[in-house]
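S.K.: sharing a model prediction with you, sequence too.
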Amino acid sequence: MPVIRPFKGLRYDPVIIGDMSRVVAPPYDIIYDEWRDRLYERNPYNIIRLIKTREESGDNENHNRYTRARDYEQAWVREGILKYDEKPALYVRSETYGVNGMTKTRFGFIALVKVEEFGRSIHPHERTLSAPKADRLNLVKATGTNFSQIFSIFSDPDHEIQKILLEVAKGKPEADFVDEQGITRKIWIVDDKTVISRLAEKMKSRDIIIADGHHRYETSLAYKEFMEPTRRSDDEAFDYVSMYLSSGNAEGMTILPTHRKVGQLHGFDGKAFLRDMSREFDLIPFYGATIEEMLDRIKADSAVTNVFGLYLKDVFYIARMKAPAAPKLLDVDVLHDSIIEKKLGITKEDIAQGLYLHFSKSPEHAYEDVARGKDQAAFFMNALTTEEMFREVLKGRRMPQKSTYFYPKTLSGLVMYKIGPESLG
């Protein structure tokens with residue numbers, strides 16, 4: 001049974017900051033160095049200085065990017081750039097965005113969620129790497145703050161929670177701005193105890209699946225263990241982590257596919273690979289097809305069998321599994337187990353080290369990298385559905401890395417959680 005509660009969020013003072021789009025940032029793990037530099041230049045108080053601080057020459061154990069993040073945060077609180085809300089609250093959010101020729105709006109809310117081991121009411125859906133977890137743990141040890149939320153989804157088939165969020169959204173938002181990707185972001189502060197109790201009560205019966213932020217959740221478990229010697233009660237601030245929660249059944253939820261590229265495989269022979277593939281898959285050449293036509297074709301076939309788009313230099317193929325399991329396995333599992341590991345010989349250890357297999361949100365980039373000879377083959381995927389995700393994850397399964405791409409990403413800097421009694425109220 002998940003436990004959620006309100007908190008006194010630490011937020012940018014809009015009177016001082018003005019345009020919120022100048023100080024927020026995407027999740028740390030998708031920000032490359034050049035993007036970080038642009039965010040540094042955008043505003044001296046951009047959240048990038050807290051979530052992905054630059055390294056500097058002379059850094060050591062006592063003076064480093066983590067201690068600089070701590071110092072920035074403390075200075076901004078002293079200067080009034082960041083302020084605590086007066087009352088414990090939940091924070092309803094919306095994102096209005098364009099995707100696949102449509103305009104959609106996703107609603108969700110930010111709350112504290114009591115940390116527990118995976119498999120009870122909170123579940124991971126992907127495998128993770130250890131290095132990012134160590135980085136996030138160092139940051140939270142230094143700052144004692146969640147600067148962003150773990151993005152999680154829950155099942156709400158009758159739209160009970162969604163209706164509460166839509167009711168809140170009829171009011172005037174606390175913040176309303178358009179980010180650098182053209183996405184309209186809004187946030188409403190909910191400190192009404194009746195509304196908070198309704199949401200908390202309705203969440204009690206629901207499983208929570210982490211959509212984006214597995215490293216940060218595992219960091220919260222490690223931080224709780226780290227803080228245990230300081231425990232004075234059975235309800236400490238470090239028992240909680242900040243989450244953004246959204247319905248997997250709502251129309252505004254979008255999961256996009258992540259495509260795969262294979263490169264630098266020694267001795268790779270495209271013709272031999274196709275012969276090997278043809279033992280389990282019908283391979284249909286798709287001459288003269290555009291990427292869009294190929295994606296439409298694999299989407300149309302996905303209901304009956306496991307199907308991928310395959311591009312070897314100059315030719316698209318539709319790869320349809322001849323004898324799919326019943327019920328049908330996830331496409332991403334079939335691709336990794338039957339093709340990437342067994343036929344191409346790429347191991348899980350190789351993937352964890354970033355060898356041979358690479359990921360691309362853009363089908364155009366995956367195609368271009370093979371066409372130019374940078375990579376040897378590209379696999380184009382259908383998007384996972386939330387129904388498939390709930391079905392598999394609640395069995396206790398973890399999918400391969402990058403099985404999903406929840407769009408749009410959540411932003412860092414909208415509401416922060418200072419992990420201390422002052423935030424709990």
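M.R.: It's in.

S.K.: for residue 404, give its distance to residue 384.
M.R.: Residue 404 is 5 Å from residue 384, where distance means C-beta to C-beta, to the nearest Å. To be clear about C-beta, it is placed using only N, CA and C from the backbone, and glycine gets the same treatment.

S.K.: what's the overlap in contacts for these two?
M.R.: Contact criterion C-beta atoms under 8 Å, 6 or more residues apart in numbering; residues shared by residue 404 and residue 384: residue 255.

S.K.: how far away is the nearest residue to residue 254 once chain neighbours are set aside from residue 401?
M.R.: Distance criterion C-beta to C-beta, 6 or more residues apart in numbering; nearest residue to residue 254, sequence neighbours excluded, is residue 407 at 4.8 Å. Note on residue 407: its distance to residue 401, by C-beta to C-beta, is 17 Å.

S.K.: for residue 64, grab the count of nearby residues.
M.R.: Residue 64 has 16 neighbouring residues, counting by other C-beta atoms under 10 Å.

S.K.: so who does residue 419 touch?
M.R.: 140, 144-146, 223, 237-238, 240.

S.K.: for residue 38, what are phi and psi?
M.R.: In terms of degrees, to the nearest 10, the main-chain angles of residue 38 are phi -60, psi -40.

S.K.: count of residues packed around it?
M.R.: Here the number of neighbours of residue 38 (other C-beta under 10 Å) works out to 13.

S.K.: pull the number of nearby residues for the residue nearest to residue 254.
M.R.: 19.

S.K.: I'd say it and residue 255 touch.
M.R.: Yes. Using C-beta atoms under 8 Å, residue 407 makes contact with residue 255 at a distance of 7.4 Å.

S.K.: ok, the nearest residue to residue 348 once chain neighbours are set aside to residue 260 distance?
M.R.: Among residues not flanking residue 348 along the chain, residue 341 sits closest, at 7.4 Å (C-beta to C-beta, 6+ apart). Distance of residue 341 to residue 260, computed by C-beta to C-beta: 12 Å.

S.K.: okay, those two: which has more neighbours?
M.R.: With neighbours defined as other C-beta under 10 Å, residue 341 and residue 260 compare such that residue 260 has more, 25 against 17.

S.K.: that one pairs with what?
M.R.: residue 359, residue 379 (DSSP bridges).

S.K.: now do the contacts for it.
M.R.: Residue 260 touches 335, 340, 357-360, 366, 378-379, 381, counting by C-beta under 8 Å, 6+ apart.

S.K.: quick one: the strands in the stretch 1-150 of the chain?
M.R.: For the stretch 1-150 of the chain, strands defined by DSSP state E, counting those that start in this stretch occupy the ranges 4-5, 10-12, 82-84, 90-99, 102-114, 122-123, 145-146, 150-154.

S.K.: where does this structure dip in pLDDT?
M.R.: 128-132 (pLDDT under 70).

S.K.: for the residue sitting nearest the centre point of the chain, list each beta-bridge partner.
M.R.: Taking C-alpha atoms, centre = their mean, the centroid of the chain lies closest to residue 212, which sits 2.4 Å from it. Beta-bridge pairing of residue 212 under DSSP bridges involves residue 151.

S.K.: ok, it touching residue 149?
M.R.: No. Using C-beta under 8 Å, residue 212 is not in contact with residue 149; the gap is 9.4 Å.

S.K.: joint contacts of the two?
M.R.: Residues within reach of residue 212 and of residue 149 at once, by C-beta under 8 Å, 6+ apart, are residue 410.

S.K.: what about the nearest residue to residue 385 once chain neighbours are set aside, how many neighbours?
M.R.: Excluding its sequence neighbours, the residue lying closest to residue 385 (C-beta to C-beta, 6+ apart) is residue 255, at 7.1 Å. Residue 255 has 19 neighbours, counted by other C-beta under 10 Å.

S.K.: and the helix or strand containing residue 294, how far out from the chain's middle?
M.R.: Residue 294 is part of helix 291-301 when elements are defined by DSSP states H and E. Mean-position distance between helix 291-301 and its chain equals 25 Å (C-alpha atoms, centre = their mean, to the nearest Å).

S.K.: picking that back up, now the residue nearest to residue 254: how far from residue 418?
M.R.: Taken as C-beta to C-beta, the span from residue 407 to residue 418 is 29 Å.
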